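Engineer: show me the folded form of this:
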Amino acid sequence: PYTTLFRSAMLALLLVTAAASPERWDRLFEQFKADFQKTYDEEEHELRRQIFHTNQAFIEKHNAEGHSYTLGVTPFADLTTEEFRRDYFGFDAGLRGNVSGTWLGMHEAGAAPDSIDWRTKGAVTPVKNQAQCGGCWAFSSTGATEGALFVASGKLTSLSEEQLIQCENKAHGGSDMGCNGGLMDSAFEWYAAG
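Structural biologist: So this is what the prediction gives:
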């Protein structure tokens, strides 16, 4: 599997970074490894270095285009998109049939502003890391619920993804599968029933 990934990473790297300094890329990779305590065996090291370089080139290209947001290096910068999807996405569309479709209705609030930065209003908890648990369904539902509770009460409460992952699952009468996937909808229903 490393050979195919290596070839793909090399091709992308050559296309995007033809003019980049190899020494600079290597310094960035060494800094990445130090920052995120990354170690690899000899075979994997070259693959991860090439993938990191491809991702770094993407970051720099994007940031040079003047978008309203910038990208940066994260602990996942040595993974391909396919690896990240495989290891970190926990959404399971097959579970959608288990959702009852509870409708809470709309709230008439008048004209909405063009944008709101909820971070500046104190409505967003710090970034959380699901590691290799496929629990994005739990993280997204706690984030949405935390925000809704803040709007309703003015108080920010950090909710526990671990509680959802451990308790709202098939073993306990729920419909989600812990770190093996789930749906935000069923997490919302679990909160509502709680």
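
Engineer: switch to C-alpha atoms for all contacts and neighbour counts from now on
Structural biologist: Will do.

Engineer: biggest helix in the chain, by residue count?
Structural biologist: What stands out as the longest helix in the chain, according to DSSP state H, is helix 42-64.

Engineer: quick one: list the elements packing against that one.
Structural biologist: With contacts taken as 3 or more CA pairs under 8 Å, 6 or more residues apart in numbering; DSSP states H and E, helix 42-64 sits against helix 2-16, helix 22-35.

Engineer: so what touches stretch 79-92?
Structural biologist: Contact with stretch 79-92 is made by 5, 48, 51-52, 76, 130-137, 179-183, as judged by CA atoms under 8 Å, 6 or more residues apart in numbering.

Engineer: okay, now Tyr69: neighbour count?
Structural biologist: 7 (other CA atoms under 10 Å).

Engineer: cool, and Glu23?
Structural biologist: Neighbour count for Glu23, taken as other CA under 10 Å: 9.

Engineer: before we move on, what about Gln37?
Structural biologist: Neighbours of Gln37 using other CA under 10 Å come to 9.

Engineer: with Lys33 instead?
Structural biologist: Lys33 has 16 nearby residues by other CA under 10 Å.

Engineer: ok, it to Thr70 distance?
Structural biologist: Distance, Lys33 to Thr70, using CA to CA, to the nearest Å: 21 Å.

Engineer: could I get the buried residue list for the longest helix of the chain?
Structural biologist: 47-59 (16 or more other CA atoms under 10 Å).

Engineer: give the rounded mean pLDDT of the helix or strand following it.
Structural biologist: Under the assignment DSSP states H and E, the closest C-terminal helix or strand after helix 42-64 is helix 81-88. For helix 81-88, mean pLDDT rounds to 82.

Engineer: quickly, which of the helices and strands packed on helix 42-64 bottoms out on average pLDDT?
Structural biologist: For those, mean pLDDT drops lowest on helix 2-16, to a mean of 51.

Engineer: tell me the gap between stretch 123-130 and the middle of its chain.
Structural biologist: Put simply, stretch 123-130 sits 11 Å off its chain's centre (CA atoms, centre = their mean, to the nearest Å).

Engineer: what is the end-to-end distance of that stretch?
Structural biologist: Across stretch 123-130, first to last residue, CA to CA, it's 20 Å.

Engineer: any idea of the mean pLDDT in it?
Structural biologist: Per-residue pLDDT over stretch 123-130 has a mean of 86.

Engineer: in that stretch, what's buried?
Structural biologist: Within stretch 123-130, the residues scored as buried using 16+ other CA under 10 Å are Ala123, Val124, Gln130.

Engineer: measure the residue located most distally from the centre of the chain to Ala152 for me?
Structural biologist: Most distant residue from the mean C-alpha position of the chain: Gly110, 32.6 Å away (CA atoms, centre = their mean). Between Gly110 and Ala152 the computed distance is 16 Å (CA to CA).

Engineer: and Ile116, by the same measure?
Structural biologist: Ile116 is 16 Å from Ala152, by CA to CA.

Engineer: just Glu189 next, same as before
Structural biologist: Using CA to CA, Glu189 is found at 18 Å from Ala152.
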